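Asker: heads up, no residue letters with this:
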Ligand SMILES: NC(=O)c1ccc[n+]([C@@H]2O[C@H](COP(=O)([O-])OP(=O)(O)OC[C@H]3O[C@@H](n4cnc5c(N)ncnc54)[C@H](OP(=O)(O)O)[C@@H]3O)[C@@H](O)[C@H]2O)c1
């Protein structure tokens with residue numbers, strides 16, 4: 001099969017190789033998926049850059065993807081063959097991810113893809129959509145609440161706005177950094193947007209919430225925004241944090257303790273099993289109802305894997321970067 005891989009960490013163009021390697025076989029409890037797409041996320045370029053240790057001498061990157069089940073291993077119902085699926089955790093604690101023609105992985109990690117959802121859209125679900133769902137759902141959800149989605153035009157943020165609305169938030173505010181991103185966040189359902197580069201975010205949140213603050217902040221960059229929390233969160237509110245622009249940060253202790261805000265950190269790769277099951281069921285229900293808008297920012301051939309990593313790392317694309325595994329140069 002064709003695959004993109006690296007055998008040492010480093011700059012994308014120096015370490016990513018595209019070539020031929022043996023097609024994997026599904027082991028017991030596994031399915032073999034013929035991949036149509038492979039989704040590229042920030043954690044993929046970070047891991048390739050050395051943020052986590054190499055699990056094996058050769059890594060095929062990317063956890064997200066979508067395709068069709070071509071074979072099943074012992075113990076898996078043969079009726080799954082031919083089924084359209086999307087993948088989660090394809091390269092989490094596993095060496096061989098989705099940047100390839102095929103992946104063999106546990107059957108539960110290949111989830112039926114509803115008929116109205118494309119393979120490109122299916123490659124945005126494992127990390128961006130599930131992260132957004134968890135950020136909005138964890139610790140009691142957002143029904144009736146005021147929510148601020150930081151970075152509302154990001155891959156995760158764009159889903160988080162929609163999901164907060166779908167889960168009954170009373171008000172969804174998003175921060176953005178340009179008029180184009182403001183339009184993107186509004187199209188996702190944001191009631192109001194704040195340009196965090198040109199506006200005073202704390203003052204704008206106060207004004208938009210009648211001085212109350214928000215009940216929940218969905219945070220993309222805690223290092224940059226932690227100091228804002230005491231000014232924008234209602235008493236006893238919550239910040240669900242899925243990202244940080246820096247590996248370490250300073251926190252303003254006294255303002256935070258006085259505000260009573262809770263900060264909930266989580267990583268989508270390691271959701272509790274019960275939450276994972278609820279998330280998969282909820283995404284399926286929303287997709288079947290046509291309730292989710294997906295944002296595909298760029299589609300590139302598998303051969304351009306290194307360029308795709310650099311594109312995601314530069315943060316220039318609004319929406320997900322997806323590799324088309326079915327095409328070739
Ligand atoms: N915990 C998890 O499981 C998990 C899961 C998925 C992603 N992540 C992490 O979350 C981050 C975002 O991922 P993504 O795929 O959504 O990336 P993305 O598509 O690049 O989106 C990030 C968004 O955040 C905005 N942003 C950056 N700095 C900001 C700030 N200080 N305040 C407000 N907005 C800001 C960016 O736009 P501007 O730069 O123009 O403002 C962009 O719209 C990455 O660090 C990723 O590693 C974590």
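Answerer: Thanks, I have it. Quantities reported herein were computed from a predicted structural model and do not represent experimental measurements.
Asker: show me what contacts the residue nearest the centre of the chain?
Answerer: Residue closest to the mean C-alpha point of the chain, counted by C-alpha atoms, centre = their mean, is residue 128 at 1.7 Å. Taking C-beta atoms under 8 Å, 6 or more residues apart in numbering, we find residue 128 in contact with 39, 41, 64, 155, 156, 158, 159, 320. Where you see a C-beta, it was placed from the backbone N, CA and C, and this is true even at glycine.
Asker: for residue 22, same thing?
Answerer: Residues in contact with residue 22 (C-beta under 8 Å, 6+ apart) are residue 1.
Asker: equivalent analysis for residue 296, please.
Answerer: Counting by C-beta under 8 Å, 6+ apart, residue 296 touches 120, 121, 124, 319, 320, 322.
Asker: is the longest helix seen in the chain anywhere near the ligand?
Answerer: Ranked by residue count, the top helix of the chain under DSSP state H comes out as helix 273-288. No - applying C-beta under 6 Å from any ligand atom, one finds helix 273-288 out of contact with the ligand, separated by at least 12.0 Å.
Asker: what's the local residue count around the nearest residue to residue 284 once chain neighbours are set aside?
Answerer: Leaving aside its sequence neighbours, residue 284 sits nearest to residue 114 (C-beta to C-beta, 6 or more residues apart in numbering; 6.4 Å). Neighbour count for residue 114, taken as other C-beta atoms under 10 Å: 19.
Asker: ok, so what distance separates residue 114 from residue 326?
Answerer: 20 Å (C-beta to C-beta, to the nearest Å).
Asker: same question for residue 240.
Answerer: 36 Å.
Asker: who has more neighbours, these two?
Answerer: Neighbours per residue (other C-beta under 10 Å) separate residue 240 from residue 326, with residue 240 holding more: 23 against 14.
Asker: quick one on the thing from earlier: the longest helix of the chain: what's the following helix or strand?
Answerer: Counting by DSSP states H and E, the next helix or strand C-terminal to helix 273-288 is strand 296-301.
Asker: is any residue of that following strand near the ligand?
Answerer: No - Strand 296-301 stays clear of the ligand (C-beta under 6 Å from any ligand atom), getting no nearer than 7.8 Å.
Asker: state the mean pLDDT of that strand.
Answerer: Strand 296-301 comes out with an average pLDDT of 98.
Asker: now the next helix or strand after it and strand 296-301, what's the angle there?
Answerer: Counting by DSSP H and E, the element after strand 296-301 in chain order, helix or strand, is helix 305-314. When axes from the mean of the first three to the mean of the last three C-alpha atoms, to 10 degrees is applied, the directions of helix 305-314 and strand 296-301 differ by 160 degrees.
Asker: what strands line up against whichever helix or strand comes after helix 305-314, and which way round?
Answerer: Downstream of helix 305-314, the first helix or strand assigned by DSSP H and E is strand 320-324. Looking at strand 320-324 with DSSP bridges, its partner strands are strand 30-40 (antiparallel), strand 296-301 (parallel).
Asker: for the protein, which segments count as helices?
Answerer: Remark: helices assigned in the chain by DSSP H are 12-15, 42-48, 119-122, 130-137, 155-166, 179-187, 201-208, 222-225, 229-232, 253-259, 273-288, 305-314.
Asker: which of the ones you listed sits closest to residue 299?
Answerer: Set against residue 299 and scored by C-beta to C-beta, the helices of the chain come closest in helix 119-122, at 6.3 Å.
Asker: so which other helices or strands are in contact with the closest one?
Answerer: For helix 119-122, the elements it packs on are strand 30-40, strand 64-72, strand 84-87, strand 296-301, judged by 3 or more C-beta pairs under 8 Å, 6 or more residues apart in numbering; DSSP states H and E.
Asker: tell me where the chain is predicted with low confidence.
Answerer: 327-329 (pLDDT under 70).
Asker: quick one, domains of it?
Answerer: The chain breaks down by automatic domain parsing into domains covering 2-124+294-328, 128-269.
Asker: can the shortest one be found next to the ligand?
Answerer: If I follow you right, that is domain 128-269. Yes - remark: domain 128-269 sits within contact range of the ligand at 128, 131, 150-151, 153-157, 175, 177, 181, 196, 220-221, 224-225, 242-243, 245, 266-268, by C-beta under 6 Å from any ligand atom.
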